[in-house]
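Engineer: sequence unknown, structure follows:
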């Protein structure tokens, strides 16, 4: 995803310390980089950010990792590995 706008514009829920153990996209704001890229969809589960696994991280750590990847001025893009929302943690771990 290219950092084409000043904001990423993504809201997530979930993390290891929640009822939703995998971080999931719950909103994409029009006008943000995520919206402009067109690849990220509401309901996608975020498995990796720039090659770093999000599995097992608490919500705060996931949000911080995403924010830091977006703010990193050394690159004009960030990589998200996502999957459809109907996947479970046990499917990923097997």
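Structural biologist: In hand now; what should we look at? Keep in mind the model is a prediction, meaning the values are calculated, not measured.
Engineer: Now do the closest residue to residue 46 other than its chain neighbours against residue 55, distance only.
Structural biologist: Distance criterion CB to CB, 6 or more residues apart in numbering; nearest residue to residue 46, sequence neighbours excluded, is residue 23 at 4.7 Å. Where you see a C-beta, it was placed from the backbone N, CA and C, and this is true even at glycine. Taking CB to CB, to the nearest Å as the measure, residue 23 and residue 55 are separated by 9 Å.
Engineer: Counting neighbours, go ahead and name the busier of those two.
Structural biologist: When neighbours are counted by other CB atoms under 10 Å, residue 23 and residue 55 differ, and residue 23 comes out ahead with 28 against 16.
Engineer: any idea of the pLDDT on that one?
Structural biologist: Residue 23 is assigned a pLDDT of 95 by the prediction.
Engineer: Wait, it touches residue 45, no?
Structural biologist: Yes. Contact criterion CB atoms under 8 Å: residue 23 and residue 45 qualify, at 6.8 Å.
Engineer: Check which helix or strand the residue nearest the centre of the chain maps to.
Structural biologist: With distances taken as CA atoms, centre = their mean, the residue of the chain nearest its centroid is residue 46 (4.5 Å). Assigned by DSSP states H and E, residue 46 belongs to strand 45-49.
Engineer: Counting by contacts, list what the next helix or strand after that strand packs against.
Structural biologist: Next helix or strand after strand 45-49 toward the C-terminus (DSSP H and E): strand 52-53. Of the remaining helices and strands, none touches strand 52-53 by 3 or more CB pairs under 8 Å, 6 or more residues apart in numbering; DSSP states H and E.
Engineer: Let me see the ranges of the strands in the chain.
Structural biologist: For the chain, applying DSSP state E gives strands covering 10-13, 24-28, 45-49, 52-53, 80-83.
Engineer: Now render those strands as a markdown table, adding distance to residue 4.
Structural biologist: Below are the strands of the chain laid out as a markdown table (distance: least, CB to CB, whole Å):
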| stretch | distance to residue 4 |
| --- | --- |
| strand 10-13 | 14 |
| strand 24-28 | 14 |
| strand 45-49 | 18 |
| strand 52-53 | 22 |
| strand 80-83 | 15 |
